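> Build the 3D model from these lines:
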Amino acid sequence: MDTINVKVGCYARGSSGVVQDTTRPVVFEGKKLGSMTHYATGCNGAPTDTRGVTETLYRTADDRLVVYVDDWSRWQGEPDTYSLHEVAQTDLQPGGLFESLGRECGFGRPLTLDEALSAS
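You can find the predicted model right below:
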């Protein structure tokens, strides 16, 4: 197991340079299982690298699954927010809140025919 250092809360820098930082450090023992970034959609409908959400899945020393969410922006005045969520394996499966992350980390499974037809 590794020592994982993350933060939770919000960080924003205004146009005048003023900073509002309400983040708090979090330290725990765990293992990183994987991560995934979802990029926002730009004005032309294509993905943009100026905003997005990066999700990272950890297995803690006491065998819990935890997702760290970094909702980030490279735009001045827009906040970056950081949060932790304890999840169950069902959250990493089709229809779960973190389905894409689960698939990326080996928790996913193929859709059934009914699931695929209902998704379209």
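> Any idea how far the strand ranked longest in the chain is from the middle of the chain?
Assignment by DSSP state E gives strand 24-41 as the longest strand of the chain. Offset of strand 24-41 from its chain centre (C-alpha atoms, centre = their mean, to the nearest Å): 6 Å.
> Show me what that strand packs onto, helices and strands only.
Strand 24-41 sits against strand 2-13, strand 47-60, helix 99-104, with contacts defined as 3 or more C-beta pairs under 8 Å, 6 or more residues apart in numbering; DSSP states H and E. The way it works is simple: take the backbone N, C-alpha and C, and place the C-beta from them, glycine included.
> can I get those in a markdown table with distance to V67?
As requested, the helices and strands packed on strand 24-41 are arranged in a markdown table below (distance: least, C-beta to C-beta, whole Å):
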| stretch | distance to V67 |
| --- | --- |
| strand 2-13 | 11 |
| strand 47-60 | 6 |
| helix 99-104 | 7 |
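> what's the least confident stretch among the ones you listed?
Across the helices and strands packed on strand 24-41, strand 47-60 has the smallest mean pLDDT, namely a mean of 91.
> can you pull the buried residues of that one?
By 16 or more other C-beta atoms under 10 Å, the buried positions in strand 47-60 come out as 51-52, 54-58.
> what about the closest residue in space to F107 that isn't next to it in sequence, neighbour count?
Leaving aside its chain neighbours, F107 sits nearest to L92 (3.9 Å; criterion: C-beta to C-beta, 6 or more residues apart in numbering). Counted by other C-beta atoms under 10 Å, the residues lying close to L92 total 25.
> I figured L92 hits F98, correct?
Yes - contact criterion C-beta atoms under 8 Å: L92 and F98 qualify, at 5.5 Å.
> Overlap of the contact sets of these two?
L57 (C-beta atoms under 8 Å, 6 or more residues apart in numbering).
> Distance-wise, check the residue nearest to T50 when sequence neighbours are not counted relative to C10.
Using C-beta to C-beta, 6+ apart and skipping residues adjacent in sequence, the residue nearest T50 is R74, 4.7 Å away. R74 is 16 Å from C10, where distance means C-beta to C-beta, to the nearest Å.
> between the two, who's got more neighbours?
Shown here are R74 and C10; by other C-beta under 10 Å, C10 has more neighbours (15 against 11).
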